[in-house]
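Asker: here's my sequence, what's the structure:
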Amino acid sequence: MSRYISLAFTGYRTEKLPFPLTADNFTQLKVRIMRTVTEQAELGVKYFLTGMCRGSDLIAADAVLTLRGRLGLELWCAIPFDGQRNTVPREELALYDRIIKNANGKIVLERNAAPSDYPRLYNERNRYMVNRCDGLIAVCDEDRILPGGTKNTVETAKRMNKKIVYVSLDGIGGYKWSK
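Answerer: Next up, the predicted model:
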């Protein structure tokens, strides 16, 4: 019997992306993520897990949903707390709702969270995803990860010897990362 593996997504929120999230930049990033998801699916990955934050998480989830039927993939949502939807800007809310509606499943990690708990719960969600998956697709430049949740998630995965596949942001929206 074949063993399917799973990957979780990590990446920057909309406001931390090094380019504005215009329709064109959204499409360029989604296509790049779709290429990576397709490559991983060809290696046997079937299950993908998103943390449902605005920006990279939602774009990555949208990419999986676009490829799901053709590649036999499953998308699962790890929602850090009830009410996370209320933290999503209006511009990204329709995408958030469509992903929740069309995902194969979801888990809400905390039912009764106060806003003061949100930072801790995002970190707990990140650890949950790393613990449950065989690796990460990190939507960031490997040699330059900004401080925050993405960097912490990548470092946690490295400590656990998990597979990490990077999706470079270089060239999107005029962004140029020179090493």
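
Asker: need the contact partners of the longest helix along the chain.
Answerer: The residue-count maximum for a helix in the chain (DSSP state H) belongs to helix 23-42. Helix 23-42 is contacted from outside by 7, 17, 19, 45, 48, 56, 59-60, 62-64, 66-67, 71-73, 137, 139, 165, 167-169, 172-173, using C-beta atoms under 8 Å, 6 or more residues apart in numbering. The C-beta positions use only the backbone N, C-alpha and C, and glycine is treated the same way.

Asker: inside strands: which ones of the residues you listed?
Answerer: Using DSSP state E, 7, 45, 48, 137, 139, 165 are the members of these that sit in strands.

Asker: separate out the buried members of those residues.
Answerer: When the ones in strands among the contacts of helix 23-42 are checked for burial by 16 or more other C-beta atoms under 10 Å, the buried set is 7, 45, 48, 137, 139, 165.

Asker: wait, what's in contact with the fourth one?
Answerer: Shown in contact with Ile137 (C-beta under 8 Å, 6+ apart): 7-10, 33, 36-37, 40, 48, 60, 165-167.

Asker: surely Ser55 meets Gly11?
Answerer: Not quite, residue 55 is Gly, not Ser. Yes: using C-beta atoms under 8 Å, Gly55 is in contact with Gly11, at 6.7 Å.

Asker: which one of those two has more residues nearby?
Answerer: Gly11 (30 against 21; other C-beta atoms under 10 Å).

Asker: for the more buried one, grab phi and psi.
Answerer: The phi/psi pair for Gly11 (degrees, to the nearest 10) reads phi 170, psi 180.

Asker: residues touching it, list them.
Answerer: 55-57, 59-60, 138-140, 150, 167.

Asker: out of these, which is most surrounded?
Answerer: Ala60 (30 neighbours).

Asker: any idea how far that residue is from Gly72?
Answerer: Distance from Ala60 to Gly72, counting by C-beta to C-beta, to the nearest Å: 18 Å.

Asker: and what of Asp57?
Answerer: Asp57 is 22 Å from Gly72, by C-beta to C-beta.

Asker: cool, Lys46 as well?
Answerer: Applying C-beta to C-beta, the value for Lys46 to Gly72 is 7 Å.

Asker: intersection of neighbour lists for those two?
Answerer: Here Lys46 and Gly72 have no joint contacts, going by C-beta under 8 Å, 6+ apart.

Asker: so these two - more neighbours on which side?
Answerer: Higher neighbour count among Lys46 and Gly72: Lys46, with 16 against 10, using other C-beta under 10 Å.

Asker: residues contacting the more buried one?
Answerer: By C-beta under 8 Å, 6+ apart, Lys46 lies in contact with 4-6, 72-74.
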